[in-house]
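Colleague: structure, please.
(2 chains)
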Amino acid sequence: AQSVTQPDARVTVSEGASLQLRCKYSYSGTPYLFWYVQYPRQGLQLLLKYYSGDPVVQGVNGFEAEFSKSNSSFHLRKASVHWSDSAVYFCVLSASSGSWQLIFGSGTQLTVMP
Amino acid sequence: DPKIIQKPKYLVAVTGSEKILICEQYLGHNAMYWYRQSAKKPLEFMFSYSYQKLMDNQTASSRFQPQSSKKNHLDLQITALKPDDSATYFCASSQTGEHTGQLYFGEGSKLTVL
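Modeller: Numbers count the residues shown, from 1 in each chain, chains lettered A, B, ... in the order given. As a prediction, this is how the structure comes out:
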């Protein structure tokens, strides 16, 4: 069965600090992986995606993520966070074939303290 | 301007009643979806449509019926409402379907069933 685990429900960091949000997935095939962000009272927006190739992918607003097949992980990172990064971040999995649905993690609420 | 319009943004219903959630997308996409976000649960895939045809249905209950009157419309009819149906319902679309993962989401319709 496919699943996504985000072990940290809430993360609080100070503005300017570095950030890592953790994501582990379970899928026997080749995964397509994504990070989405949900700002308050808004829909979800795509931050970045990984299909294949370079395991480090760049996204918008200075975010990047690293895919590790051996660890079944897709952690999100940012070198220096801004208060406007406060939001809920979702790690998302799509099966590489025959699937019309995305599997969402439970989300990590990020709070950036000024 | 929002490219995916969901109406209404908020609605309150009584148990046993029926509601329709409206979704229109102006992105020229061929695939549309419904996802549900309940309290303390990850986003759950409900339906996917491609060229107005149902591609995948992960909703156990027949009380949830998607309706696609036009290519850029995918409404969601919910009958015999229950308090457990209380959630935010997100409509999404993509250029094509099937595991591409790059979805565009509306801002959601928050349903409260009393």
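
Colleague: partners of the helix or strand encompassing residue A:33 in the sheet?
Modeller: Element membership for residue A:33 (DSSP states H and E) is strand A:32-38. If you go by DSSP bridges, strand A:32-38 pairs up with strand A:44-50 (antiparallel), strand A:87-94 (antiparallel).

Colleague: now the shortest one - C-alpha only, PDB.
Modeller: Extracted C-alpha coordinates of strand A:44-50, given in PDB (Å, rounded to 0.1, in the frame of the first residue of the first chain):
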ATOM      1  CA  LEU A  44      -2.700  24.300  -2.000                       C
ATOM      2  CA  GLN A  45       0.200  25.400  -4.200                       C
ATOM      3  CA  LEU A  46       2.900  23.300  -5.700                       C
ATOM      4  CA  LEU A  47       6.400  24.000  -4.300                       C
ATOM      5  CA  LEU A  48       8.400  21.500  -6.200                       C
ATOM      6  CA  LYS A  49       8.300  18.000  -7.800                       C
ATOM      7  CA  TYR A  50      10.500  15.100  -8.400                       C
END
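
Colleague: and the average pLDDT for the following helix or strand past that strand is what?
Modeller: Going down the chain from strand A:44-50, the next helix or strand is strand A:56-58, by DSSP H and E. In this model, strand A:56-58 has an average pLDDT of 96.

Colleague: name every strand pairing with the helix or strand that strand A:56-58 is followed by and say which way it goes.
Modeller: Of the helices and strands lying after strand A:56-58 in sequence (DSSP H and E), the nearest is strand A:64-68. Strand A:64-68 sits in its sheet next to strand A:56-58 (antiparallel), strand A:73-78 (antiparallel), going by DSSP bridges.

Colleague: in strand A:64-68, what counts as buried?
Modeller: A:64, A:65, A:66, A:67 (16 or more other Cβ atoms under 10 Å in any protein chain shown). For every residue, glycine as well, the C-beta is placed using N, CA and C.

Colleague: again, but for stretch A:32-40
Modeller: Buried residues in stretch A:32-40 (16+ other Cβ under 10 Å): A:32, A:33, A:34, A:35, A:36, A:37, A:38.

Colleague: residue A:50 contacts residue A:30, doesn't it?
Modeller: No - Residue A:50 is beyond contact range of residue A:30, at 10.5 Å (criterion: Cβ atoms under 8 Å).

Colleague: the bottom helix or strand of chain A by mean pLDDT?
Modeller: Between all helices and strands in chain A, the lowest mean by mean pLDDT, DSSP states H and E belongs to strand A:102-104, at a mean of 91.

Colleague: can you pull the contacts of the nearest residue in space to residue A:10 that is not next to it in sequence?
Modeller: The spatially closest residue to residue A:10, leaving aside those adjacent along the chain, is residue A:109, at 4.7 Å (Cβ to Cβ, 6 or more residues apart in numbering or on different chains). Counting by Cβ atoms under 8 Å, 6 or more residues apart in numbering or on different chains, residue A:109 makes contact with A:9, A:10, A:11, A:88.

Colleague: which among these end up buried?
Modeller: Applying 16+ other Cβ under 10 Å to the contacts of residue A:109, the neighbour count classes A:11, A:88 as buried.

Colleague: burial count for residue A:101?
Modeller: For residue A:101, the count of nearby residues is 23 (other Cβ atoms under 10 Å in any protein chain shown).

Colleague: ah, wrong one, I meant residue B:16
Modeller: Neighbour tally, residue B:16, other Cβ under 10 Å: 10.

Colleague: so what's the residue nearest to the spatial centre of chain B up against?
Modeller: The residue lying closest to the centre of chain B (Cα atoms, centre = their mean) is residue B:34, at 3.2 Å. Contacts for residue B:34 were tallied using Cβ under 8 Å, 6+ apart; they are B:23, B:46, B:47, B:66, B:74, B:76, B:89, B:90, B:91, B:92.
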